[in-house]
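[1] need coordinates for the below:
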Amino acid sequence: MVLLGQLIGFVLVAVCWGSTNPFIKAGSEGLERISNQYADQGFKKWLAEMKYLFTRWQYVLPLALNLSGSVVYYYTLGKSDMSLAVPIVNSMTFVFQLLTGLCLGESMGGKDAWLGIILIFIGVIICVSQK
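    Residues are numbered from 1 along each chain as shown. Sure, this is the predicted structure:
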């Protein structure tokens, strides 16, 4: 029962991290224009970039969800085996990032990506079954 709770926590973290990455990428579109506008101005460029990003809900909302996944991760990590948590969360994050990107119209990478997803699930099953 404890392992099931930990596994749910791992998947929740992977969903928070993986599904928000494509949204953060999409929300930061246009940042290059700001960076080019203040190309050689150092601190002023940094302030302009921060203002641009943090005034866009398309960036802030997914970032907040991503960071909440980090809170869940540290909570779950404190109650579980680190050798189980880290590989499961990191590999599942990749899966959810690919699937979310696919839903947003990004290129997935073809058969190799699907093979990778299958191998990740097999690896997670092996890790969980050994505990």
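[2] outside of stretch 89-98, which residues touch it?
    10-11, 13-15, 17-19, 21-22, 73, 108-109, 113, 116-117, 120-121, 123-124 (CB atoms under 8 Å, 6 or more residues apart in numbering). Any C-beta I mention is one placed from the backbone N, CA and C, and that applies to glycine too.
[3] average pLDDT across it?
    Taken as a whole, stretch 89-98 carries a mean pLDDT of 91.
[4] quick one, phi psi at residue 42?
    phi 50, psi -110 (degrees, to the nearest 10).
[5] host element of residue 26?
    helix 2-27 (DSSP states H and E).
[6] any idea how far that helix is from the chain center?
    7 Å (CA atoms, centre = their mean, to the nearest Å).
[7] the one helix or strand residue 47 maps to vs helix 2-27, what angle?
    According to DSSP H and E, residue 47 maps onto helix 43-54. Going by axes from the mean of the first three to the mean of the last three CA atoms, to 10 degrees, helix 43-54 is angled at 120 degrees with respect to helix 2-27.
[8] noted, bye for now.
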